[in-house]
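Chemist: Just to be clear, the model below is a prediction. Sequence and coordinates:
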Amino acid sequence: MASKKNDGAAYKALVSDIKSGALGALYIFHGEERYLIAKTLESIRRALVPGGTSDFNYRRFDGAGLTPDEIAGAVDTLPVFSERTMIEVHDFDLFKCSDEAKRRLLDLFSDMPEYACLIFIYDTVEYRPDGRQKFTAEVKKLSGIVEFSVQEQSKLIRWIRGHFEETGKQISRKDAEYLIFLTGGYMSSLDGEIGKVSAYAKSARIERSDIDAVVSPALDAVTYKLTDAVIRGGFDDAARLLYELLEMREPARRILYGISLKLRQLLCARVLLENGMGTRELMGIAGIRYEFQARALVSAAEAAESGEIERGLILCSEAAYDFNSGGDPETGLVGLLLNLAANKNYEKN
């Protein structure tokens, strides 16, 4: 039952098993892409508990206070007017159970009835198996573990364009990339934003202005724009973006972290450029998901000096120290922006 495939292959195998009706008895779902988890669970429900039988053959549990005996009771309940039952267990941390609970669960997992499909879903609880435990090794052998990762750029762009086509709209590859940038690339966010953009756009062709008019940008996107404005010397734009972030009630510490992160990535891009490397190396070292984001950072790094970026990071560190020493965070952010402007002017001189 357990899969030795990589995460992408495990997901593909699961999709194939759903379509062919060959679903197993025990799964663990985890990962950042909550949209894919939700859609996959919907597909499994349709396959295992068709309309009219869900009241008898579908059970959903939340982890808080749940016991192994309650899970076993649901598994042991025979299906009614159907061949299978489906049991979803959300946010039950298998790896933090008592030793007795683990023993009881392993007994259950080792003798799962063919009619049952038991799925553990890690949502708000972090999936952190302890590889030192024998229990973890046994669970991996007995279950199908599927990670739902954020989708790679090419797949996500196809998905975005397909969703727009369903609404009678078209979007260019570049504008699809821009939409990914604004939302952080999570399908759960993109799904709602695509609907908003499609409803707003007057023509069949989605324009950048349509996206900017209605999409709520993620913190990462705004801090990138703010940092880019600083590097370009566009401090009016930077001040406007900072004001927007504060109006969105983003915590000042998160904003500072976002600015610092972008400057660290920018410094990394600059050092790589100076050593004859570029986009691909930056993606690997800085953990950047999408090539177009790395390209933008490399382009920005070409217009900046290492010393300028390093001084900017020192200013961020000083602002963080002031935050932690009791200074007013919002005032500190405004001060940081002024200091970054002075740093840019120093570089020009």
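Modeler: That came in fine, so what should we check first?
Chemist: Report how many residues lie close to the nearest residue to Asp322 once chain neighbours are set aside.
Modeler: Leaving out its chain neighbours, the residue that sits closest to Asp322 by Cβ to Cβ, 6 or more residues apart in numbering is Gly332, at 5.2 Å. Using the backbone N, CA and C atoms, a C-beta is placed for each residue, glycine as well. When neighbours are defined as other Cβ atoms under 10 Å, Gly332 has 20 of them.
Chemist: Could you list the domains of the protein?
Modeler: The chain breaks down into these structural domains: 7-147, 153-214, 219-348 (assignment by automatic domain parsing).
Chemist: Let's have the ones you listed in JSON lines, adding mean pLDDT.
Modeler: Conversion of those to JSON lines gives the following (pLDDT from 0 to 100):
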{"stretch": "domain 7-147", "mean pLDDT": "93"}
{"stretch": "domain 153-214", "mean pLDDT": "95"}
{"stretch": "domain 219-348", "mean pLDDT": "89"}
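Chemist: before we move on, the earlier item: and the helix or strand hosting the residue nearest to Asp322, what's buried?
Modeler: Remark: Gly332 resides in helix 329-348, with elements defined by DSSP states H and E. Along helix 329-348, these residues count as buried under the neighbour rule (16 or more other Cβ atoms under 10 Å): Pro329, Gly332, Leu333, Gly335, Leu336, Leu337, Asn339, Leu340, Asn343, Lys344, Glu347.
Chemist: Please save the CA atoms from that helix in CSV.
Modeler: C-alpha atoms of helix 329-348 as CSV (Å, rounded to 0.1, in the frame of the first residue of the first chain):
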residue,chain,number,x,y,z
PRO,A,329,6.5,49.3,15.0
GLU,A,330,4.6,51.6,12.6
THR,A,331,6.8,54.6,13.3
GLY,A,332,9.8,52.2,13.0
LEU,A,333,8.7,51.2,9.5
VAL,A,334,8.4,54.8,8.3
GLY,A,335,11.8,55.5,9.8
LEU,A,336,13.2,52.4,8.0
LEU,A,337,11.8,53.7,4.7
LEU,A,338,13.4,57.1,5.2
ASN,A,339,16.8,55.4,6.1
LEU,A,340,16.5,53.2,3.0
ALA,A,341,16.0,56.4,0.9
ALA,A,342,19.0,58.0,2.5
ASN,A,343,21.0,54.8,1.8
LYS,A,344,20.0,55.0,-1.9
ASN,A,345,20.9,58.7,-2.1
TYR,A,346,24.3,57.8,-0.5
GLU,A,347,24.9,55.3,-3.2
LYS,A,348,24.1,57.8,-5.9
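Chemist: which residues touch it?
Modeler: Applying Cβ atoms under 8 Å, 6 or more residues apart in numbering, the set of residues contacting helix 329-348 from outside is 230-231, 233, 235, 238-239, 242, 246, 251-253, 255-256, 259, 305, 307-308, 311-312, 315-316, 319, 322-323.
Chemist: Stretch 59-70 now?
Modeler: For stretch 59-70, the surrounding residues in contact (Cβ under 8 Å, 6+ apart) are 71, 74, 77, 85-93, 97, 101, 104-105, 108, 125.
Chemist: Then stretch 105-124?
Modeler: Taking Cβ under 8 Å, 6+ apart as the criterion, the residues outside stretch 105-124 that touch it are 23-30, 34, 37, 41, 44, 48, 68, 71-72, 74-76, 78-79, 83-94, 97, 135, 138-139, 142-143.
Chemist: Keep only those of those residues that are in strands.
Modeler: In strands, defined here by DSSP state E, the members of the contacts of stretch 105-124 are Leu26, Tyr27, Ile28, Phe29, His30, Thr85, Met86, Ile87, Glu88, Val89, His90.
Chemist: I'd like the residues you listed written out as TSV, with neighbour count and distance to Ser16 added.
Modeler: Formatted as TSV, the entries for the ones in strands among the contacts of stretch 105-124 read as follows, by neighbours: other Cβ atoms under 10 Å; distance: Cβ to Cβ, whole Å:
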residue	neighbour count	distance to Ser16
Leu26	22	18
Tyr27	22	14
Ile28	20	18
Phe29	24	16
His30	20	20
Thr85	24	22
Met86	23	18
Ile87	20	22
Glu88	20	21
Val89	21	24
His90	19	25
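Chemist: and those, which two are the farthest apart?
Modeler: Within the ones in strands among the contacts of stretch 105-124, two members stand farthest from each other by Cβ to Cβ: His30 and Thr85, at 22.3 Å.
Chemist: Could you tell me how many residues sit around Ala10?
Modeler: Neighbouring residues of Ala10 were enumerated by other Cβ under 10 Å; the total is 19.
Chemist: That one belongs to a strand, doesn't it?
Modeler: No: assigned with DSSP: H, G, I helix; E, B strand; the rest coil, Ala10 falls outside any strand and is helix.
Chemist: which ones are touching it?
Modeler: With contacts defined as Cβ under 8 Å, 6+ apart, the neighbours of Ala10 are Ser3, Gly144, Ile145, Val146, Glu147.
Chemist: Distance check, it against Leu36.
Modeler: Using Cβ to Cβ, to the nearest Å, we find Ala10 at a distance of 12 Å from Leu36.
Chemist: how near is the nearest residue to Pro129 once chain neighbours are set aside to Ala101?
Modeler: For Pro129, ignoring the flanking residues on the chain, the nearest one in space by Cβ to Cβ, 6+ apart is Thr136 at 4.6 Å. In this structure, Thr136 and Ala101 are 14 Å apart, going by Cβ to Cβ.
Chemist: sec struct for Phe61, please.
Modeler: Secondary structure of Phe61, reduced to three states by three-state DSSP: strand.
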